[in-house]
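In: just need the structure, nothing else, for what follows:
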Amino acid sequence: MVSLVRALLNKIRWHKDYNPEDYEVLIVHRGAPGNVRVIPASSITEVLSGGFKFRDLNGDEKVIPYHRVLLIRNRVNGDLLFMKGK
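Out: Numbering: from 1, shown residues only. Below is the predicted model:
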């Protein structure tokens with residue numbers, strides 16, 4: 001799972017056929033409504049070996065470990081690139 005999520009995030013960030021503005025990552029986030037937080041792929045600043053960094057609305061950089069990723073989807077057309085457990 002880790003290598004797949006990492007590969008997908010790198011593809012979204014760097015491949016010419018993918019626009020990060022079109023994608024979002026849903027993660028487990030305790031305390032958020034439904035314990036889920038949506039992160040726009042365009043806010044991802046770095047893809048690491050064990051997780052990814054993103055900049056939140058306050059400008060703070062956060063690190064999210066890959067095991068918290070629930071799904072990665074194209075928010076424009078609804079296509080799922082990854083769903084945890086599938």
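In: for the one helix or strand Leu71 maps to, packing partners?
Out: Assigned by DSSP states H and E, Leu71 belongs to strand 69-74. If you count contacts as 3 or more Cβ pairs under 8 Å, 6 or more residues apart in numbering; DSSP states H and E, strand 69-74 packs onto helix 2-14, strand 23-28, strand 80-83. No exception for glycine: its C-beta is placed from N, CA and C like everyone else's.
In: report the angle between the axes of the second one and strand 69-74?
Out: In terms of direction (axes from the mean of the first three to the mean of the last three Cα atoms, to 10 degrees), strand 23-28 departs from strand 69-74 by 160 degrees.
In: swap in the first one?
Out: Counting by the same axes, to 10 degrees, helix 2-14 lies at 30 degrees to strand 69-74.
In: and helix 2-14, how far out from the chain middle?
Out: Distance of helix 2-14 from its chain centroid, counting by Cα atoms, centre = their mean, to the nearest Å, is 9 Å.
In: would you indicate which residues of it are buried?
Out: If you call a residue buried by 16 or more other Cβ atoms under 10 Å, then helix 2-14 has these buried ones: 5-6, 8-9, 12-13.
In: quick one, what contacts Ile39?
Out: By Cβ atoms under 8 Å, 6 or more residues apart in numbering, the contact list for Ile39 reads 24-27, 54, 64.
In: what does the pLDDT read for it?
Out: On pLDDT, Ile39 comes in at 97.
In: most neighbours among the contacts of Ile39, which one?
Out: Neighbour counts for the contacts of Ile39 peak at Val25, which has 26 neighbours (criterion: other Cβ atoms under 10 Å).
In: got a list of what it touches?
Out: Val25 makes contact with 9, 38-39, 41, 44, 52, 64, 69, 71-72, according to Cβ under 8 Å, 6+ apart.
In: repeat the analysis, applying 10 Å as the threshold.
Out: With contact set as Cβ atoms under 10 Å, 6 or more residues apart in numbering, Val25 has these partners: 5, 8-9, 12, 37-41, 43-44, 52, 54, 64, 68-73, 81-82.
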